[in-house]
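K.L.:
Quick check, what structure comes out for this input:
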Amino acid sequence: MTSLFGKDRRRKERYRPVATVVFTVRSGKDPRRVSSPVTGTVKDLSPKGMSVVTPRIAPDGLHIMYDTLMVHHNRIDATILPEGKPPIRVEGTVAWFRSVESPAGFFIFGMQFDQEAAAVEALCLPEKDSSADR
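P.N.:
Predicted structure coming up:
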């Protein structure tokens, strides 16, 4: 698959489920320091990672990627809450983030899981290819 910026490096197919995610940020410098929970929306998902739309990228002063000096990589503990299915717990780090146009003031980040989340496969349905309808 190719994208606007060249070859897509993903090794696993991405899916677009409708799911809520609740995550906390854990300090990479002091793992005892954990943010309050933040609720977001899973934008896309694979067994290796997901992208999340969120209203906050630094809950309680803990940025989703790094500490204030950008020395220590912070960690994300998340629970995916798919409708009508059991919750899925994942842990990992944020690979990228940016603001989104809509909703205003929100952000999106890409999270890479520490371990492949096989439970994700059960709730994944491929995104419908609209070109097949033509």
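K.L.:
what comes into contact with stretch 66-85?
P.N.:
Identification of contacts with stretch 66-85 by C-beta atoms under 8 Å, 6 or more residues apart in numbering yields 17-29, 31, 34, 42, 45, 50, 52, 61-65, 87-94, 111, 120, 122-123. For every residue, glycine as well, the C-beta is placed using N, CA and C.
K.L.:
So for that stretch, what gets flagged as buried?
P.N.:
For stretch 66-85, the neighbour count (16 or more other C-beta atoms under 10 Å) marks 66-67, 74-78, 80, 82 as buried.
K.L.:
pLDDT-wise, which helix or strand of this protein ranks last?
P.N.:
Least confident helix or strand, the chain: strand 2-3 with a mean of 42, by mean pLDDT, DSSP states H and E.
K.L.:
Please enumerate the strands of this protein.
P.N.:
If DSSP state E is used as the criterion, the strands of the chain fall at 2-3, 6-7, 19-26, 38-46, 49-54, 75-82, 88-99, 107-113.
K.L.:
So what's the gap between the fifth one and the chain middle?
P.N.:
Meaning strand 49-54. Relative to its chain's centre, strand 49-54 lies at 3 Å (C-alpha atoms, centre = their mean, to the nearest Å).
K.L.:
any weak-confidence spans in this protein?
P.N.:
Counting by pLDDT under 70, the chain shows low-confidence ranges at 1-18, 67-70, 123-134.
K.L.:
can you do 50?
P.N.:
For the chain, applying pLDDT under 50 flags the ranges 1-8, 10, 14, 127-134.
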